[in-house]
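Trainee: everything below, folded, please.
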Amino acid sequence: MTVERPDPERDAAAVREATARLAEAAAALSAEDLAEPSRLPGWTRGHVLAHVARNADALTNLLTWARTGEETPMYASAEARDADIEAGAGRPPAEQLADLRASADRFAAAWDALPPSAWAAQVTMRSGRVVAAAEIPWKRLVEVSLHHVDLDAGLDCADLPGDFAARELAYLLDGLTGHEGVAAVELHDTGSGRTWTIGAATEPEVTVAGSCHDLLAWVSGRGSGKGLTVTPDAAPPVLPPLL
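Mentor: Below you'll find the predicted structure:
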């Protein structure tokens with residue numbers, strides 16, 4: 001399986017566009033809207049926006065690490081991360097929007113300050129995975145795009161740009177290839193004709209086919225499998241939650 005290499009300049013431009021779309025959606029939400037449940041279990045829309053803002057600051061920390069060489073983790077601790085999201089969830093709409101925009105501006109400034117020689121610098125994600133700084137704009141684009149869907153404010157996976165959907169689907173499936181404890185599934189993108197096999201078994205137990213956007217919704221946990229064809233006829237297998 002081939003996962004597209006990061007293109008930091010292109011990805012950073014896409015982050016700006018995706019952030020503008022998210023900010024426009026957030027600006028239309030009232031205090032009552034923000035208190036309503038999002039598509040993420042246990043989180044309101046306010047939690048989603050607070051998380052997106054804090055993620056911008058967390059990835060800004062990694063860009064600072066890449067630029068200075070001084071270890072700067074994403075979050076002080078898991079507890080601090082959760083507390084910051086909880087504290088920010090109930091803020092008035094104007095505060096949520098201002099924080100979303102200001103944190104995005106800090107991320108953009110940190111990226112603009114990063115010299116090309118630092119793109120190869122190695123930094124550590126919250127999961128413990130070590131990545132090159134050049135991957136960080138893509139990580140941010142995924143956060144902004146998928147959590148815009150989670151906001152449940154009119155955007156679905158079907159509305160995401162096709163190039164983003166194809167790239168993120170390939171990335172997620174790469175992480176499930178050869179993975180013990182994952183159902184052995186062959187996935188078929190009916191649009192592009194691409195196929196993937198996930199799980200550790202030699203032969204797939206089922207085939208799941210559909211559009212790239214429908215496959216992404218299912219694999220990312222943002223869809224039940226509606227629009228997909230499963231062979232033999234059954235509900236799509238349950239996949240592990242994303243970390």
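Trainee: got the buried residues for stretch 106-120?
Mentor: 106-108, 110-111, 114, 118-119 (16 or more other Cβ atoms under 10 Å). For every residue, glycine as well, the C-beta is placed using N, CA and C.
Trainee: specify which member of those is nearest to residue 193.
Mentor: residue 119 (32.7 Å; Cβ to Cβ).
Trainee: thought residue 133 was touching the closest one, still the case?
Mentor: Yes. Using Cβ atoms under 8 Å, residue 119 is in contact with residue 133, at 5.4 Å.
Trainee: what about the chain, any weak spots by pLDDT?
Mentor: Where the chain drops to pLDDT under 70, the residues are 1-3, 243.
Trainee: in the helix ranked longest in it, which residues are buried?
Mentor: Counting residues, the longest helix in the chain under DSSP state H turns out to be helix 45-68. Buried residues in helix 45-68, defined by neighbour count with 16+ other Cβ under 10 Å: 45-67.
Trainee: what does stretch 215-226 give?
Mentor: Buried-residue list, stretch 215-226, by 16+ other Cβ under 10 Å: 215-223, 225.
Trainee: want to throw the residues you listed into JSON lines with distance to residue 78?
Mentor: As requested, the buried residues of stretch 215-226 are exported to JSON lines (distance: Cβ to Cβ, whole Å):
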{"residue": "215", "distance to residue 78": "31"}
{"residue": "216", "distance to residue 78": "27"}
{"residue": "217", "distance to residue 78": "28"}
{"residue": "218", "distance to residue 78": "28"}
{"residue": "219", "distance to residue 78": "25"}
{"residue": "220", "distance to residue 78": "22"}
{"residue": "221", "distance to residue 78": "20"}
{"residue": "222", "distance to residue 78": "23"}
{"residue": "223", "distance to residue 78": "28"}
{"residue": "225", "distance to residue 78": "31"}
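Trainee: name the nearest of those residues relative to residue 101.
Mentor: Minimum distance to residue 101 across the buried residues of stretch 215-226 is 24.8 Å, recorded for residue 222 (Cβ to Cβ).
Trainee: show me the contacts for the closest one.
Mentor: 39, 146, 149-150, 157, 216 (Cβ atoms under 8 Å, 6 or more residues apart in numbering).
Trainee: neighbour-wise, which of these leads?
Mentor: The most neighbours of any of the contacts of residue 222, using other Cβ atoms under 10 Å, belong to residue 216, which has 27 neighbours.
Trainee: my guess is it meets residue 160, correct?
Mentor: Yes. Between residue 216 and residue 160 there is a contact under Cβ under 8 Å: 7.5 Å.
Trainee: and residue 206, what are its phi and psi?
Mentor: When read as degrees, to the nearest 10, the backbone of residue 206 gives phi -140, psi 160.
Trainee: residues touching it, list them.
Mentor: Contacts of residue 206 by Cβ under 8 Å, 6+ apart are 183-186, 230-232, 234, 236-237.
Trainee: would you show me how to pick out the buried ones of those residues in ChimeraX?
Mentor: To isolate the buried ones among the contacts of residue 206 in ChimeraX, judged by 16+ other Cβ under 10 Å, type:
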select :183,185,186,230,236,237
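Trainee: let's see which of the contacts of residue 206 end up in strands.
Mentor: 185-186, 230-231 (DSSP state E).
Trainee: residues contacting the residue lying closest to residue 33 once chain neighbours are set aside?
Mentor: Counting by Cβ to Cβ, 6 or more residues apart in numbering, residue 33 lies nearest to residue 45, which is 6.2 Å off, once chain neighbours are set aside. By Cβ under 8 Å, 6+ apart, the contact list for residue 45 reads 29, 33-38, 151-153.
Trainee: using JSON lines, please lay out those residues together with neighbour count.
Mentor: Below are these laid out as JSON lines (neighbours: other Cβ atoms under 10 Å):
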{"residue": "29", "neighbour count": "19"}
{"residue": "33", "neighbour count": "16"}
{"residue": "34", "neighbour count": "24"}
{"residue": "35", "neighbour count": "13"}
{"residue": "36", "neighbour count": "13"}
{"residue": "37", "neighbour count": "12"}
{"residue": "38", "neighbour count": "21"}
{"residue": "151", "neighbour count": "24"}
{"residue": "152", "neighbour count": "16"}
{"residue": "153", "neighbour count": "20"}
